[in-house]
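Visitor: Structure, please.
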Amino acid sequence: MTGALAAILQRDIRLALRQGGGAALGLVFFLLIVTMTPLAIGPDPALLARIGPAMLWLAAVLSILLGLDRLFQADVEDGSLQQMRLSSAPLELVVLAKATAHWLVTGLPLVIAAPAYGLLLALSPAAMLAVTITLLVGTPALVFIGATGAALTAGMRRGGLLLAILSLPLMTPVLIFGVSATMSALDGLTPFRTPLLVLAALTLFSLVVGCAASAAALRASD
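Guide: The predicted model follows:
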């Protein structure tokens, strides 16, 4: 079973890199949001530094959401998902492998690029470090939450809009605590550890519930 899951993980990563556009599109979209922010509100460094962590988090949410509609769509259309269901691995673990591969291809590059993009928003080194840590902890939750919406819309054509409507409200707590943890690291009024632990708990909760809900939605779609 472990070998089957590792094969699914490697397959999805290889397909994403071969097709291209997944990680690159997310990074470009991330960059566009970050670069448009100074144009919209002005080049005031103090203002940019104050809203910069929130803008980076919001850009990360939208960038991850951008490619989630393809998480199960191709596998449903070509019958690969049915073959995965017939394997020895439970469907919940198949979802876990596919969501992990999606995060490695789309989420992790955003985490790595966040400090560089933070320079465009006049963030201090401490702010860039805090944003990077919170994105590393919180972005997997966004993927597992979005996986449920992707499973619900896998059999639909052009289900991207419905996926966004279903997923964005559920991603809001992750966004709130991600920004809260970052700001607490900067102002020092509340311990950085407290919202970071809540964010980690949300990620673990999203992993368990998201995989179970996604598997149930895929079974119901047959």
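Visitor: Show me the helices in the protein, by range?
Guide: Counting by DSSP state H, one finds helices in the chain at the ranges 2-19, 22-41, 45-66, 73-78, 80-85, 91-102, 108-119, 125-152, 160-187, 193-220.
Visitor: Just say which of those helices is most tucked in.
Guide: Of all these, helix 125-152 carries the top mean neighbour count, a mean of 24, counting by mean count of other C-beta atoms under 10 Å. Backbone N, C-alpha and C define where each C-beta goes, glycine included.
Visitor: Which other helices and strands does that one contact?
Guide: helix 45-66, helix 91-102, helix 108-119, helix 160-187, helix 193-220 (3 or more C-beta pairs under 8 Å, 6 or more residues apart in numbering; DSSP states H and E).
Visitor: contacting residues around the second one?
Guide: Counting by C-beta atoms under 8 Å, 6 or more residues apart in numbering, helix 91-102 makes contact with 1, 5-6, 8-9, 11-13, 16, 67-68, 71-72, 75, 84-85, 87, 143-144, 147, 151, 207, 210-212, 214-215, 218-219, all of which sit outside it.
Visitor: could you redo the last one with a cut-off of 6 Å?
Guide: Residues external to helix 91-102 that are found in contact with it (C-beta atoms under 6 Å, 6 or more residues apart in numbering): 5, 8-9, 12-13, 71, 84-85, 143-144, 147, 211-212, 214-215.
Visitor: now for those residues, which pair is the farthest apart?
Guide: Taking C-beta to C-beta as the measure, those reach their widest spread between 13 and 212, a distance of 23.4 Å.
Visitor: Please pick out the residue of the chain most distant from its centre.
Guide: In the chain, residue 44 marks the outermost C-alpha relative to the chain mean, sitting 29.5 Å out by C-alpha atoms, centre = their mean.
Visitor: With residue 52 as the reference, measure out to it.
Guide: Residue 44 is 11 Å from residue 52, where distance means C-beta to C-beta, to the nearest Å.
Visitor: got any ranges where this structure has weak pLDDT?
Guide: Scanning the chain for pLDDT under 70 picks out 1, 19-23, 159, 222.
Visitor: mind running it again at 50?
Guide: By pLDDT under 50, the chain contains no weakly predicted segment.
Visitor: List the residues that contact residue 221.
Guide: Residue 221 makes contact with residue 155 under the criterion C-beta under 6 Å, 6+ apart.
Visitor: The same query, at a cut-off of 8 Å, please.
Guide: Residues in contact with residue 221 (C-beta under 8 Å, 6+ apart) are 76, 151, 154-155.
Visitor: cool, residue 38 as well?
Guide: Listed by C-beta under 8 Å, 6+ apart, the contact set of residue 38 reads 48, 120-121.
Visitor: give me the number of residues near residue 121?
Guide: 24 (other C-beta atoms under 10 Å).
Visitor: out of everything not next to it in sequence, what's closest to it?
Guide: residue 52 (3.4 Å; C-beta to C-beta, 6 or more residues apart in numbering).
Visitor: Repeat that for residue 74.
Guide: residue 80 (7.4 Å).
Visitor: now residue 203
Guide: Spatially, and ignoring its direct neighbours in sequence, residue 203 is nearest to residue 141 (4.1 Å; C-beta to C-beta, 6+ apart).
Visitor: Perfect, I'm done here.
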